[in-house]
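*Asks:* Fold the stuff below for me.
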Amino acid sequence: MGVKNKIYLASIVVSFISVFVSYLLGQLAANKKFKRDQRYLRYNSLYIPLMEMLYKQRIGKYDFYNLLVFDKFQPFEKLLINNVQFMGKKSAKKLYFIVHQGKSAVIKQNSHNLELLSKGQTLEPLSPEAQDAINEYNALIEQLLLEAEKLAKQLKLDPISEPLRLALQKDQNCQSK
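*Replies:* Okay, here's the model as predicted:
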């Protein structure tokens, strides 16, 4: 094989390699953009609406017991259930517990409290089931805010969920004292 043939063959191989490398770099860039776009979608579909709800009210206003008793839980529940695909594993598990067990425990507690009040009796402490539901709800909110904080950092955004999370922790510490 002559030198001309070797040069010709080498130029063909280099062409194929350059096309392949170009394709790989394009795929990497497309995958990176896709992941970033998915993070933005997750952040804008779940976490921003959640934070808007929480920022509009005092933290205590979104207390699980108050939301259920005053029939204000539905918009919150709808937001979370409609966006469950964007949640982390821990928060989805907490939401499942709240929707399928926690709500009924708190509603049952409220019915019991109304019955006691109608008889002129004093309220009893929360049942363990209702207290567990309230604790799980608080843990859900905190988990969602932590997820929002982590995602904001990945997207190089300001962690606007942090003040809410800190206010929630402070509110919970005040209530437990």
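*Asks:* Contact partners for the closest residue to residue 130 other than its chain neighbours?
*Replies:* Spatially, and ignoring its direct neighbours in sequence, residue 130 is nearest to residue 109 (3.8 Å; Cβ to Cβ, 6 or more residues apart in numbering). Heads up, the C-betas are built off the backbone N, CA and C, glycines and all. The neighbours of residue 109, taking Cβ atoms under 8 Å, 6 or more residues apart in numbering as the test, are 65, 126, 127, 129, 130.
*Asks:* Compute the number of surrounding residues for the first one.
*Replies:* For residue 65, the count of nearby residues is 19 (other Cβ atoms under 10 Å).
*Asks:* Numbering from 25 from now on, please.
*Replies:* Right, with 25 as the first residue, what we last looked at is residue 89.
*Asks:* Which strand or helix spans it?
*Replies:* Under the criterion of DSSP states H and E, residue 89 resides in helix 88-93.
*Asks:* So which elements touch the helix ranked longest in the chain?
*Replies:* When the chain is parsed with DSSP state H, its longest helix is helix 27-66. Judged by 3 or more Cβ pairs under 8 Å, 6 or more residues apart in numbering; DSSP states H and E, helix 27-66 is in contact with helix 152-178.
*Asks:* Please consider this matter closed, and thank you.
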